[in-house]
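Participant: give me a 3D structure for the following:
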Amino acid sequence: MRQLKLVLLFIPLLIISDHLAAEQITSEQKKILVLGDSLSAAYGLRQEQGWVSLLQNAWQQQPIIVVNAAISGETTDGGLARLPRLLEQHQPTHLYIELGGNDGLQGHPVKKMRDNIQSMITFAQQQGIEVILQQMQIPTNYGRRYNQMFTSMFTELAEQNNVPLIPFFMQDIALDKSLMQRDGIHPNLEAQPMIAEFMKEKLEGALKAD
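Facilitator: Model prediction:
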């Protein structure tokens, strides 16, 4: 009978221990919400062929989950409008913002883009979510002044909000026609693993800096 009592006392301790272990795993887990455009939405490819899916596959053995909320044609207006629902739905620990390219290609005012991205950063940070910002670039034919304002906007936002700024992952790929689709804007199938490898290194560095 005494042995039975000891066993019964020991069982709750095991349950508590397992519960604590589960909480520890959960607390260490990171979930990155990708809020982006066609560059992250595997435009022209199957979803599983895109760099975001390849990145998730590379992190299978790590407590990192990637949720791809990127859609083709997305602008900072659209991203800002979708953000509250996405954060509520997915409860991420990190928000990765890869937006602004379509705004720039459409010639939207830089101030409007800046205000939208700032609102996204502020909204996420108010909920305790870490933000990671992606540097974006547009073709040089939009004029030197506009290009300079566009590019510097991301650096200024990152510095003012103390958030990591990831270098533009298309910078070298866009110069190699063999890695681009026929439209000359989107990376092709061969480029996706290269982007995934680049982003894995940069995002891991940002996560460790938290």
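Participant: can you give me the end-to-end span of stretch 85-94?
Facilitator: Start and end residues of stretch 85-94 are separated by 15 Å (C-alpha to C-alpha, to the nearest Å).
Participant: could you give the average pLDDT over it?
Facilitator: Mean per-residue pLDDT for stretch 85-94: 98.
Participant: other residues contacting that stretch?
Facilitator: For stretch 85-94, contacts defined as C-beta atoms under 8 Å, 6 or more residues apart in numbering pick out 29-33, 35, 67, 69, 95, 123-124, 127, 129-132, 207. (Each C-beta comes from the backbone N, C-alpha and C, glycine too.)
Participant: okay, buried residues for that stretch please.
Facilitator: 86-87, 92-94 (16 or more other C-beta atoms under 10 Å).
Participant: closest to residue 51 out of the residues you listed?
Facilitator: residue 94 (16.8 Å; C-beta to C-beta).
Participant: torsion angles phi and psi at that closest one?
Facilitator: Torsion angles at residue 94 (phi, psi; degrees, to the nearest 10) stand at phi -140, psi 140.
Participant: residue 117 versus that one, what's the distance?
Facilitator: 16 Å (C-beta to C-beta, to the nearest Å).
Participant: one more: residue 160?
Facilitator: From residue 160 to residue 117 the distance is 11 Å (C-beta to C-beta).
Participant: do the same with residue 86
Facilitator: 15 Å.
Participant: tell me the buried residues within the contacts of stretch 85-94.
Facilitator: By 16+ other C-beta under 10 Å, the contacts of stretch 85-94 give 30-33, 35, 67, 69, 95, 123-124, 129-132, 207 as buried.
Participant: and those residues, which two are the farthest apart?
Facilitator: Across these (C-beta to C-beta), the longest gap, 20.6 Å, separates 123 and 207.
Participant: where exactly do the strands run in the chain?
Facilitator: Residue ranges of the strands in the chain, as given by DSSP state E, are 30-36, 64-68, 94-98, 130-134, 165-166.
Participant: send me the longest one as PDB with only the CA atoms.
Facilitator: As requested, C-alpha coordinates have been extracted for strand 30-36 and formatted as PDB (Å, rounded to 0.1, in the frame of the first residue of the first chain):
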ATOM      1  CA  LYS A  30       9.500  31.500 -32.800                       C
ATOM      2  CA  LYS A  31       6.900  32.100 -35.400                       C
ATOM      3  CA  ILE A  32       7.700  34.500 -38.300                       C
ATOM      4  CA  LEU A  33       4.800  36.000 -40.200                       C
ATOM      5  CA  VAL A  34       5.900  37.000 -43.800                       C
ATOM      6  CA  LEU A  35       4.000  40.000 -44.900                       C
ATOM      7  CA  GLY A  36       5.100  40.500 -48.500                       C
END
